[in-house]
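**Q** generate a structure from the sequence data that follows.
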Amino acid sequence: MAEMVPGGNAALTAENPDVHELLVGFSWQSTPSRGPQPELVPLAILCGADDTARTGDDVVFFNQIESADGSVAFDEQPSRGGAVDDEQIDVDLRLVPDDVQKIVFVVYVDPDRRGLGTFGAVRQASMRVATKDGRDLVRFVVPSDDNHRIDAMLFGELYRHRSDWKFRALGQGYTTGLSGVARDFKIAL
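**A** Numbers count the residues shown, from 1 in each chain. Below you'll find the model as predicted:
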């Protein structure tokens with residue numbers, strides 16, 4: 001298993017040609033407090049050649065738990081494969097449409113659950129990409145430097161490279177929340 005750093009890339013299918021179904025797991029730990037804890041919510045965005053969502057159906061999150069093509073879906077059993085994740089998203093690379101060039105994974109602080117919040121209380125957040133049976137392929141621990149203003153973050157992305165799929169660790173934070181992500185990826189909220 002490769003431990004990733006921001007900006008790092010890893011070949012997934014070139015090194016694992018029999019792997020087509022992926023489990024993308026997200027986990028985090030928050031600093032305990034007497035006040036409300038941030039409610040973190042992951043989502044996946046299927047992007048076309050222009051690095052934006054092709055349609056509103058290309059966003060997978062708790063209100064739209066599966067992409068229209070069935071290639072990306074929230075996993076309803078987020079503790080499979082021996083690891084405990086807070087949330088998991090399944091990806092079947094065989095079902096991803098040919099015009100989808102990448103799948104971006106975002107985690108944001110839900111402002112509707114407990115009011116405005118940031119990643120400031122999050123001590124450690126990570127993302128892993130594993131086989132369907134839970135064998136980790138890559139793991140990325142998101143840097144936690146000065147996250148007190150960040151309320152949404154691009155954790156990582158799966159992207160096409162010729163006929164293969166690769167993973168890129170991102171760790172890019174937003175101070176404009178989900179609305180900033182929606183603007184950049186041209187999705188309607």
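**Q** next one, pLDDT for Ala152 please.
**A** Model confidence at Ala152, expressed as pLDDT, equals 89.
**Q** what is the least confident helix or strand in the protein?
**A** The element with the least model confidence among the helices and strands of the chain, by mean pLDDT, DSSP states H and E, is helix 111-114, at a mean of 62.
**Q** so what touches the helix or strand following that helix?
**A** Scanning forward in sequence from helix 111-114, with DSSP states H and E defining helices and strands, the next element found is strand 122-131. Residues from elsewhere that reach strand 122-131, judged by Cβ atoms under 8 Å, 6 or more residues apart in numbering: 12, 16, 19, 21-31, 38, 40, 81, 83, 85, 105, 107, 119, 136-142, 144, 147, 153, 155-156, 158, 167, 169. For the C-beta atoms, the positions are set from N, CA and C on the backbone; glycine is no exception.
**Q** again, only using 6 Å
**A** Identification of contacts with strand 122-131 by Cβ atoms under 6 Å, 6 or more residues apart in numbering yields 19, 22-31, 81, 136-142, 155-156, 167.
**Q** strands paired with it, and their directions?
**A** As defined by DSSP bridges, the strand partners of strand 122-131 come to strand 21-30 (antiparallel), strand 136-142 (antiparallel).
**Q** buried stuff in the longest one?
**A** Spelled out, it's strand 21-30. Using 16 or more other Cβ atoms under 10 Å as the test for burial, strand 21-30 gives 22-28, 30.
**Q** skipping its backbone neighbours, what lies nearest Asn16 in space?
**A** With Cβ to Cβ, 6 or more residues apart in numbering as the measure, Leu137 is the residue that lies nearest to Asn16, at 6.6 Å, once sequence neighbours are left out.
**Q** do Ile150 as well
**A** Nearest to Ile150 is Gly173, by Cβ to Cβ, 6+ apart, at 3.6 Å.
**Q** burial count for that neighbour?
**A** Gly173: 19 surrounding residues under other Cβ atoms under 10 Å.
**Q** same thing with Lys186?
**A** Residues lying near Lys186 (other Cβ under 10 Å) number 17.
**Q** same deal with Gly134?
**A** Gly134 sits with 14 neighbouring residues when counted by other Cβ under 10 Å.
**Q** one more: Val5?
**A** Val5 is surrounded by 10 other residues when neighbours are defined as other Cβ under 10 Å.
**Q** where does the prediction get shaky in this protein?
**A** Scanning the chain with the threshold set as pLDDT under 70 gives 32-37, 76-85, 112-116, 146.
**Q** checking my notes, Arg183 in a helix, right?
**A** Yes. Counting by DSSP: H, G, I helix; E, B strand; the rest coil, Arg183 falls inside a helix.
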